[in-house]
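**Q** model this:
(2 chains, ligands or ions: 1)
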Amino acid sequence: MFKRLPDTQGAAVAVTIDGEPFNAREGDSVAAALLAAGRSYCRETPVTGAKRAPYCMMGVCFDCLVTVDGIGNRQGCLTRVEDGMRIETQHGKREARA
Amino acid sequence: MTAMPLPKDHYDVVIIGAGPAGLAAAAVAGKAGLSTLVLDENAQPGGQIFRAITSTPVQRRDILGDDYWRGENLVAETRAGGAVIVQGATVWSLDRDLQIAVSLLGQSQIVKARRVIIATGALERPFPIPGWTLPGVMTVGAGQTLLKSSGLVPDGKVVLAGTGPLLWLYAAQVLRAGGAIDAILDTTPRGNYWRALPYALPFLMSPYRAKGLALMREVKRKVRVVSNVTSLAALGGDKLDAVAFSAGGAEQKIAADTLLLHQGVVPNVNLANAAGVAHRWDERQLCWVPVLDADGNTSVPGIAIAGDGAGIGGALAAAERGRIAAVAAVEALAPGKKSLTPDRSELSNTLRRAELGRAFLDVLFQPAQQFRLPEGDTIVCRCEEVSAARIKETIALGTEGPNQLKAFLRCGMGPCQGRLCGLTVTEMIAQARGMSPDAVGYYRLRPPVKPIALKELASMPHSEQDEKAVVRG
Ligand code: FES
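**A** Predicted coordinates:
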């Protein structure tokens, strides 16, 4: 769980996370927005279905894979939020990779 | 962020990475009049250490500290030098003909360079403990990225565990920002203090000493610090609930919502490795480092490496190594412009000063064996979920090296391409077979070094030569 520092600058960016509206901040990555929104995980692994959340935040581990505007397996930590963006966590075993 | 495709398809110098080394190299090359392109994967320049330096929402400058804000000058200097900096550009192939395949806005293209400087920096060393894949467990570097880019600090019950300067720096930054940390579990092995002693003198003369001690004092005043932690496990079902550890022979457990792990950084070797650059095992830093000459030139003509990707030296050393590699590029491509570059011997002197004390830090913060060589069900390969036990069994069957292991178990075959298991696997084989890591070797990597969608590959504009660049790597 993460919280925003009280004096954080930057405009709100309206996104949806699994359909629910959330105000991210300008400069947030998708992964940061998920953590700020209190999402405890963003995907399930294709092998055993274990839940995973962003781990490295620098594009290395690929545990932050999410669906962004309908496109699956985007690296959430390398994708910046934009107004109106639809972010979806990835469920199911292999389904997300099809 | 530059949102257009690349303005040209050939440059004198292409620099990969816009951290301290890449930016400093670009400033020198650009100022000397070489056409210079910087390709960087992130949304903003700065790399990890100066992450979000041009955009951070963290207003109070004391939170991130002076060493961070120094990055502002570096970015300004680079921009003034005339280099083209392209953000959001993922390089996925580099070959011996100095052709670079880069993915930008979902499209791939090929750029040709006369010289390449790889400045892809470092990543945090794998920290394979039980439960390190649970949601709620992240790296300290990840926590710091969230702070720098988004002004986020961990909430709830927060535990930091591991060893190394970044752990203390981040803890201090969180505290200054008004965040709270419940405990720091320090895994620095007690014996390291003795082993580091022979290297102490240069460290005592370096700026690291005063800064490091002040940071630790600042943190220890506010946080419970448990030293000499010899085992660690993250516990929980679908997410982290608690951290179990032992210290001084006693087992303990503390509730936790967030566990941030760190045991040093290691060079990010994937791109260089896939380009065929020779590497060697560094016994002191316990990782692969490229084999380089004093200018940063690799075994592949025309490719140099600067910054922490050349061996861990920290931000100041990284910038100097970037400048040195760029001066070498100017000498090779435009000797007449040499007068526009900084004095080479002065750069070497500054580099030497910046590296003072590094050997002491390397040995002092060398992670303990049990945190590098996991056992039992502990996951080694996060992507393919391969446990230590399965790797050990397979090694016992007579597996010779990491590549054979990869073929059997798929470890290192997932999207991270061994970045989070490669070192562990090499060391596990070395231990089991009584060989040196150098003799065991590493995964042989091939492009693409980052996963690229098939349709992106198919839609690349390609001549026969381009195709060769992709296929052969
Ligand atoms: S969090 Fe590791 S790749 Fe995004």
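**Q** Going by C-alpha atoms from here, please, whenever you check contacts or count neighbours.
**A** Fine.
**Q** count of neighbours near the residue in the stretch 51-200 of chain B positioned nearest to the ligand?
**A** Scanning the stretch 51-200 of chain B for the residue nearest the ligand gives B:Ala142, at 7.6 Å (criterion: CA to the nearest ligand atom). When neighbours are counted by other CA atoms under 10 Å in any protein chain shown, B:Ala142 registers 22.
**Q** and it, how far is that from chain A?
**A** To chain A, B:Ala142 is 5 Å away according to CA to the nearest CA, to the nearest Å.
**Q** Output the below-cut-off pLDDT ranges for chain A.
**A** A:92-98 (pLDDT under 70).
**Q** got the residues of it near the ligand?
**A** A:54-64, A:75-77 (CA under 6 Å from any ligand atom).
**Q** one more time with 8 Å, if that's ok
**A** A:31, A:53-65, A:75-78 (CA under 8 Å from any ligand atom).
**Q** out of the residues you listed, who's near chain B?
**A** When CA under 8 Å from any CA of the partner chain is applied, the members of the residues of chain A next to the ligand adjacent to chain B are A:Ala53, A:Pro54, A:Tyr55, A:Cys56, A:Met57, A:Met58, A:Val60, A:Cys61, A:Phe62, A:Leu78.
**Q** related to what we said a few turns ago, the residue of the stretch 51-200 of chain B closest to the ligand should be in a helix, yeah?
**A** Yes - if the criterion is DSSP: H, G, I helix; E, B strand; the rest coil, then B:Ala142 is within a helix.
**Q** just checking, it touches A:Ala53?
**A** No - B:Ala142 is beyond contact range of A:Ala53, at 11.5 Å (criterion: CA atoms under 8 Å).
**Q** Go through the ones next to chain B among the residues of chain A next to the ligand and give me the one with the most neighbours.
**A** A:Pro54 (31 neighbours).
**Q** residues in contact with that residue?
**A** A:Ala31, A:Tyr41, A:Cys42, A:Phe62, A:Asp63, A:Cys64, A:Cys77, B:Pro135, B:Met138 (CA atoms under 8 Å, 6 or more residues apart in numbering or on different chains).
**Q** how much space between A:Ala14 and A:Ala24?
**A** 6 Å (CA to CA, to the nearest Å).
**Q** The two - which one has more neighbours?
**A** Just comparing A:Ala14 and A:Ala24: by other CA under 10 Å the higher neighbour count belongs to A:Ala24, 25 against 17.
**Q** what kind of secondary structure is the spatially most central residue of chain A in?
**A** Centroid-nearest residue in chain A, with CA atoms, centre = their mean: A:Ala31, separated by 3.7 Å. Using three-state DSSP, the three-state assignment for A:Ala31 comes out as helix.
**Q** That one touches A:Thr67, doesn't it?
**A** No - using CA under 8 Å, A:Ala31 is not in contact with A:Thr67, being 11.3 Å away.
**Q** which residues does A:Arg80 contact?
**A** A:Arg80 neighbours (CA under 8 Å, 6+ apart): A:Gly27, A:Asp28, A:Ser29, A:Val30, B:Ala43.
**Q** Residue numbers of chain A in contact with chain B?
**A** Checking chain A against chain B by CA under 8 Å from any CA, the hits are A:1-5, A:7-10, A:25, A:27-28, A:32, A:36, A:40-41, A:45, A:47-48, A:50-58, A:60-62, A:78-80.
**Q** and if we set it to 6 Å?
**A** A:1-5, A:8-9, A:28, A:41, A:52-53, A:55-57, A:60-61 (CA under 6 Å from any CA of the partner chain).
**Q** which intervals of chain B have sub-threshold pLDDT?
**A** B:1-4, B:461-473.
**Q** again, only this time at 80
**A** B:1-5, B:207-208, B:453-455, B:458-473 (pLDDT under 80).
**Q** hang on, the earlier thing: list the ones among the contacts of A:Pro54 that fall in strands.
**A** Among those, the ones falling in strands (DSSP state E) are B:Met138.
**Q** Which two of the contacts of A:Pro54 have the greatest separation?
**A** Largest separation among the contacts of A:Pro54 by CA to CA: A:Cys77 and B:Pro135, giving 15.0 Å.
**Q** Show me what from the stretch 151-300 of chain B comes close to chain A.
**A** Proximity of the stretch 151-300 of chain B to chain A, by CA under 6 Å from any CA, involves residues B:Gly151, B:Leu152, B:Val153, B:Pro154, B:Asp155.
**Q** Need those residues in CSV (columns: secondary structure).
**A** CSV is the format used below for those (three-state DSSP):
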residue, secondary structure
B:Gly151, coil
B:Leu152, strand
B:Val153, strand
B:Pro154, strand
B:Asp155, coil
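**Q** of those, closest to B:Ala304?
**A** Using CA to CA, the shortest approach to B:Ala304 within these belongs to B:Gly151, at 35.3 Å.
**Q** can you pull the contacts of B:Arg60?
**A** Neighbour list for B:Arg60: empty [criterion: CA atoms under 6 Å, 6 or more residues apart in numbering or on different chains].
**Q** residues touching the residue in the stretch 301-450 of chain B that chain A sits nearest to, list them.
**A** As assessed by CA to the nearest CA, chain A sits closest to B:Cys416 within the stretch 301-450 of chain B, at 5.4 Å. Neighbour list for B:Cys416: A:Val60, A:Cys61 [criterion: CA under 6 Å, 6+ apart].
**Q** which residues in chain A form helices?
**A** In chain A, the helices defined using DSSP state H lie at A:30-36.
**Q** With the stretch 251-400 of chain B instead?
**A** B:270-274, B:314-333, B:344-355, B:358-364, B:388-396 (DSSP state H, counting those that start in this stretch).
**Q** Including distance to B:Gly296 and mean neighbour count, could these go into TSV?
**A** Shown next, in TSV, are the helices of the stretch 251-400 of chain B (distance: least, CA to CA, whole Å; neighbours: other CA atoms under 10 Å in any protein chain shown):
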stretch	distance to B:Gly296	mean neighbour count
helix B:270-274	13	23
helix B:314-333	6	25
helix B:344-355	12	15
helix B:358-364	18	21
helix B:388-396	36	18
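**Q** can you put those in a markdown table and add distance to B:Asp97?
**A** Converted to a markdown table, the helices of the stretch 251-400 of chain B look like this (distance: least, CA to CA, whole Å):
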| stretch | distance to B:Asp97 |
| --- | --- |
| helix B:270-274 | 13 |
| helix B:314-333 | 16 |
| helix B:344-355 | 28 |
| helix B:358-364 | 35 |
| helix B:388-396 | 37 |
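**Q** burial measure for the residue of the stretch 201-350 of chain B found nearest chain A, as a count.
**A** Closest to chain A within the stretch 201-350 of chain B is B:Asp238: 6.2 Å, counting by CA to the nearest CA. For B:Asp238, the neighbour count with other CA under 10 Å is 14.
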